[in-house]
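J.: Have a look; sequence and predicted model below, questions after that.
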Amino acid sequence: MLNVQNLSSGIQGNLWDMVLGAGIMVKLVLIILLAFSVLSWAIIIYKYSIIRKMERESIAFLDFFWSKKQFTPIFEACVDYKFTPLSRLFAAGYNELMQVRIPKKDTALSQFNVGEFDSIQRSLKKTMSNEISRMEKAVAFLATTGNTTPFIGLFGTVWGIMNSFRGIGLKGSASLAVVAPGISEALIATAMGLIAAIPAVVAYNHFVTRINRMAVEMENFAGDFLNIVERELRKEKG
């Protein structure tokens, strides 16, 4: 009966032997690909954790926002929502609102010009842009990994095959026993390139989708914030 554990150990041992027996250039390619893979997985784990916390806090912040009737207690509670960009978006809009309003006794919102109202919109847009850039930070490296590592691996493969044919010329023999070891060592580079690229591409597409979803949520929240401010202004002027 075939012993699966022994077979697995034999395959791993052969792979390790092929890596050790590869040429200097192929080893260098494998080291580069390993570095890409390690960095990609570190980014994937980190961004997944951050985006997950961000989405959870966004839901909690929206519930809190709509449960309150005044901006001041919401602003004071923003420090408790460190991960969601909605809290920072609200804080930016609130701070701009407090700067452009004309203070009036016992009034949270006071009359101000249309140009000053536009300044709140610009502040919200700037904050949204900054938050999107912050969410996208390091995600581009996953796209770079997915686009470049297959070609780096292919380069290692081509280099290894060139050495194999060079060995054929030196030995004057083209038998499978002469060619197979060099080619198998070279193909490891291609396999390693795909191992690094595939998770990076999948993670990149996944993160881009979730970041776009969060960007839409920020736009909707900014619109709701401006609508509330506009309604309060109409009440004051009415």
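T.: It's in.
J.: If we ignore the residues flanking it in sequence, what's nearest the residue positioned nearest the centre of the chain?
T.: Central residue of the chain (C-alpha atoms, centre = their mean): Val139, 3.1 Å from the mean position. Take Val139 and drop its neighbours on the chain: the residue closest to it by C-beta to C-beta, 6 or more residues apart in numbering is Phe207, 5.1 Å away. C-betas here are computed from N, CA, C, even on glycine.
J.: Wait, the one you found touches Ile51, no?
T.: Yes. Taking contacts as C-beta atoms under 8 Å, Phe207 lies within contact range of Ile51: 6.7 Å.
J.: and the gap between the residue nearest to the centre of the chain and Leu86?
T.: Between Val139 and Leu86 the computed distance is 20 Å (C-beta to C-beta, to the nearest Å).
J.: Next SSE downstream of the lowest-mean-pLDDT helix or strand in the chain?
T.: Sorting the helices and strands of the chain by mean pLDDT, DSSP states H and E puts helix 4-21 at the bottom, at a mean of 52. Sequence-wise, the next helix or strand downstream of helix 4-21 (DSSP states H and E) is helix 24-67.
J.: now the helices: where do they sit in this protein?
T.: Ranges of helices in the chain, per DSSP state H, are 4-21, 24-67, 71-77, 85-100, 114-136, 139-171, 176-237.
J.: tell me the most buried of those helices?
T.: Among these, helix 85-100 has the highest mean neighbour count (mean count of other C-beta atoms under 10 Å), at a mean of 20.
J.: in terms of contact count, name the helices or strands touching that one.
T.: helix 24-67, helix 71-77, helix 114-136, helix 176-237 (3 or more C-beta pairs under 8 Å, 6 or more residues apart in numbering; DSSP states H and E).
J.: could you say what helices and strands the shortest one packs with?
T.: Helix 71-77 is packed against helix 24-67, helix 85-100, with contacts defined by 3+ C-beta pairs under 8 Å, 6+ apart.
J.: For the closest residue to Ser58 other than its chain neighbours, list the residues it contacts.
T.: Leaving out its chain neighbours, the residue that sits closest to Ser58 by C-beta to C-beta, 6+ apart is Thr84, at 4.3 Å. Contacts for Thr84 (C-beta atoms under 8 Å, 6 or more residues apart in numbering) come out as 54, 57-58, 60-61.
J.: What separation do you get for Thr84 and Ala203?
T.: According to C-beta to C-beta, Thr84 and Ala203 sit 22 Å apart.
J.: Next: Asp63.
T.: 29 Å.
J.: Show the contacting residues for Ile50.
T.: Phe83.
J.: one more time with 10 Å
T.: 83, 134-135, 137-138, 207 (C-beta atoms under 10 Å, 6 or more residues apart in numbering).
J.: Next, give phi and psi for Lys69.
T.: phi -100, psi -10 (degrees, to the nearest 10).
J.: With adjacent residues omitted, what lies nearest to Lys68?
T.: Counting by C-beta to C-beta, 6+ apart, the residue nearest Lys68 is Ile74, at 5.2 Å.
J.: Adding mean pLDDT and distance to Cys78 as columns, could you present the helices and strands packed on helix 71-77 in a markdown table?
T.: Listed next are those as a markdown table, based on pLDDT from 0 to 100; distance: least, C-beta to C-beta, whole Å:
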| stretch | mean pLDDT | distance to Cys78 |
| --- | --- | --- |
| helix 24-67 | 92 | 8 |
| helix 85-100 | 91 | 4 |
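J.: So for Asp224, which of those helices sits nearest?
T.: Closest approach to Asp224 among those (C-beta to C-beta): helix 24-67, 8.4 Å.
J.: Fine by me, we can end here.
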